[in-house]
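Enquirer: Please find the sequence and the predicted model below.
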Amino acid sequence: MAHTRQLAAVSNAPSRWIRALGLALALGSVTLATGCKTMDAAPSLKDVEAVERARFQAWIHADTAAMRPMLGDELVYCHSTGQCQNKEQIIAAIGARETIYHKMDVVEMKPRAVAGAVVINGKLSIQAEAGGQVSTFQGIYTDVYVKRDGRWQMVSWQSTRLP
């Protein structure tokens, strides 16, 4: 008889463990539902894509007011020419129309979430004017967005003109 009770206790052990796990999961769900701070959800790649496309439009229209909240204060923006600028420098250059972007068409855009940030690898077809010279070319780029105060901001840009 004692042997039968021991077998019953052993055979009930997995079901007790499963019930304990279920209780822990249920308590975790209640904790989440009541608003306890947990890790942020994975970044929405579609949201970042929308910001990226809006940024290209702001460049075309030289809309520095629209650009400002899209750019992080520590931005390093490296053009395909090799020139690198910070946030204030790029905003001033676009506002002064040093380079006039007539067209920035997205050929390809591949965003991916990496450690809470979003890295985008893309390809653009660009028509720009500098010093009275209009040029049309394709370029590839990599940029990085981070989310701050509920909005996505670009903190790094590096582009290369394709031959």
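Expert: Nice, thanks for sending it over.
Enquirer: Helix or strand for the residue positioned nearest the centre of the chain, just tell me which one.
Expert: For the chain, the residue nearest the mean C-alpha position is Val118 (2.8 Å; Cα atoms, centre = their mean). Using DSSP states H and E, the element containing Val118 is strand 117-130.
Enquirer: Quick check: buried residues in that strand?
Expert: Within strand 117-130, the residues that count as buried by 16 or more other Cβ atoms under 10 Å are 117-120, 122-124, 126, 128. For every residue, glycine as well, the C-beta is placed using N, CA and C.
Enquirer: and it, what does it pack onto?
Expert: helix 45-60, strand 99-114, strand 133-148, strand 151-161 (3 or more Cβ pairs under 8 Å, 6 or more residues apart in numbering; DSSP states H and E).
Enquirer: what about it, distance to the chain center?
Expert: What separates the centre of strand 117-130 from the centre of its chain is 15 Å, taken as Cα atoms, centre = their mean, to the nearest Å.
Enquirer: For that strand, what does the pLDDT average out to?
Expert: Taken as a whole, strand 117-130 has an average pLDDT of 97.
Enquirer: can you tell which of the helices and strands packed on strand 117-130 is closest to Glu74?
Expert: strand 151-161 (5.9 Å; Cβ to Cβ).
Enquirer: what domains does the record give for the chain?
Expert: For the chain, automatic domain parsing gives the domain ranges 1-38, 45-161.
Enquirer: which of those domains sits most buried?
Expert: domain 45-161 (a mean of 15; mean count of other Cβ atoms under 10 Å).
Enquirer: next one: that one to chain centre, how far?
Expert: For domain 45-161, the distance to the chain centre is 13 Å (Cα atoms, centre = their mean).
Enquirer: so who does the residue nearest to the centre of the chain touch?
Expert: Contact analysis of Val118 by Cβ atoms under 8 Å, 6 or more residues apart in numbering lists 43, 45, 48, 111-112, 144-146, 152.
Enquirer: again, only this time at 10 Å
Expert: By Cβ atoms under 10 Å, 6 or more residues apart in numbering, the contact set of Val118 is 42-45, 47-49, 51-52, 111-112, 143-147, 152, 154.
Enquirer: go on, Lys110?
Expert: By Cβ under 10 Å, 6+ apart, the contact list for Lys110 reads 45, 49, 119-123, 142.
Enquirer: roughly how far apart are it and Arg161?
Expert: 19 Å (Cβ to Cβ, to the nearest Å).
Enquirer: Great, nothing more from me.
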